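*Asks:* Give me coordinates for this.
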Amino acid sequence: MFFSPHRASERCHAMRWGAAACLLWAAAVIAPNALASGKDDHDRARQAVQAGQVLPLPAVLERLQREVPGQVLEVELEQERDRWIYEIKLLTPAGQLTKVKLDARTAEVLRVKSRDDQRTGREHR
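*Replies:* Numbering: from 1, shown residues only. Predicted structure coming up:
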């Protein structure tokens, strides 16, 4: 049997296109559900702020800057058990990636964990 590098290349190319098509199909099926979930989360967060269960983000960030200064990179609002928690990732002036958990109702800092702390297992508060 004669081996043709050209045919092997064609088969590899066809497999890549097939894999790409599968990925596109999966993204089309999954994305609407992910977007719907994100919208629900946004609505729940807005309702919690309006009901007074959660402080508005600007008030929380103002308090955070006094206690743990840095550039905010990411903010998440989560409900853990019966309590709302802001989880904020920031970059400190010293260049350290830090994760801060705050009580969303009071803006009390509950936990500060830097990337170095994660490696050593240490945690503040």
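*Asks:* quick one: Glu62 from Leu55, how far?
*Replies:* Glu62 sits 10 Å away from Leu55, going by C-beta to C-beta, to the nearest Å. For glycine as for every other residue, the C-beta is placed from the backbone atoms N, C-alpha and C.
*Asks:* can you check Val68 too?
*Replies:* Separation of Val68 from Leu55 (C-beta to C-beta): 16 Å.
*Asks:* Which of these two has more residues huddled nearby?
*Replies:* More crowded of Val68 and Leu55, by other C-beta atoms under 10 Å: Leu55, with 21 against 17.
*Asks:* Let me know the next secondary structure element after the lowest-mean-pLDDT helix or strand in the chain.
*Replies:* Sorted by mean pLDDT, DSSP states H and E, the helices and strands of the chain end with helix 5-50, the least confident at a mean of 54. Helices and strands here follow DSSP states H and E; after helix 5-50, the next one along the chain is helix 57-67.
*Asks:* Would you mind listing the buried residues in that following helix?
*Replies:* The neighbour-count criterion (16 or more other C-beta atoms under 10 Å) identifies 57, 60-61, 64 as the buried residues of helix 57-67.
*Asks:* Give the buried residues for stretch 101-108.
*Replies:* Applying 16+ other C-beta under 10 Å to stretch 101-108 flags 101-105, 107 as buried.
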